[in-house]
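1. Let's see this in three dimensions:
(chains A and B)
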Number of protein chains: 2
Amino acid sequence: MAPADMGTTAQKPALHWRFDFGSYGEARRFLDQLADLSKRDSYYPNINFGKTYVNVSIDAEGQMELGEREAAFIQEMKAYAAQGPA
Amino acid sequence: MAPADMGTTAQKPALHWRFDFGSYGEARRFLDQLADLSKRDSYYPNINFGKTYVNVSIDAEGQMELGEREAAFIQEMKAYAAQGPA
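-> Presented below is the predicted three-dimensional model:
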């Protein structure tokens, strides 16, 4: 089969990350840091979380909303997730 | 076709709720209230949220974990969601 012709409807694919933590406290701290990033950049990604994990999704529309700040948002989110226990 | 015989593997179905809010501030307040309920009952449901909505899921395992406190957790969660803007 030939690949579908995306034509002018092509969009950037959604971005997804999964972060696992050693405790609820660490996951909660990360959620609070994400909330601060969201407030600063006025962008609110879709977030799914349980006791010790956080999934973050940024869809094509979100990538447009974030614009040039997208890279900073993603870099800082990853840096926060990589912090050890407080 | 005959219905599947669930036999001894039958589980309670997962419970799902969707709550919509008028603003990010209200959704965030509800998330903080849920976090307090979770801490009190040592139970952490699966939560999915965006700027103005929060989805909460409690699976069969969670219903067992919550035990008799299940009804209280659910009632209080709904009461918090029904609060108007602060």
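2. for chain A, which helix is longest?
-> helix A:24-41 (DSSP state H).
3. anything in that one near chain B?
-> Yes: under the criterion of C-beta under 8 Å from any C-beta of the partner chain, chain B is reached by helix A:24-41 at A:Tyr24, A:Arg28, A:Ala35. In this view, the C-beta of every residue, glycine as well, is placed from N, C-alpha and C.
4. worst-scoring helix or strand of chain A, pLDDT-wise?
-> Taking mean pLDDT, DSSP states H and E as the measure, the helices and strands of chain A show their lowest mean at helix A:60-66, namely a mean of 92.
5. Show the pLDDT at A:Glu68.
-> Looking at A:Glu68, its pLDDT is 89.
6. For it, give its distance to B:Gln83.
-> Using C-beta to C-beta, to the nearest Å, one obtains 38 Å as the distance from A:Glu68 to B:Gln83.
7. May I have the beta-bridge partners of the residue nearest the centre of chain A?
-> Within chain A, the residue whose C-alpha comes closest to the C-alpha centroid is A:Val56; the distance, by C-alpha atoms, centre = their mean, is 3.9 Å. Beta-bridge partners for A:Val56, by DSSP bridges, are A:Trp17, A:Ile47.
8. and it, what does it touch?
-> Residues in contact with A:Val56 (C-beta atoms under 8 Å, 6 or more residues apart in numbering or on different chains) are A:His16, A:Trp17, A:Phe19, A:Leu34, A:Pro45, A:Asn46, A:Ile47, A:Met77.
9. Great, nothing more from me.
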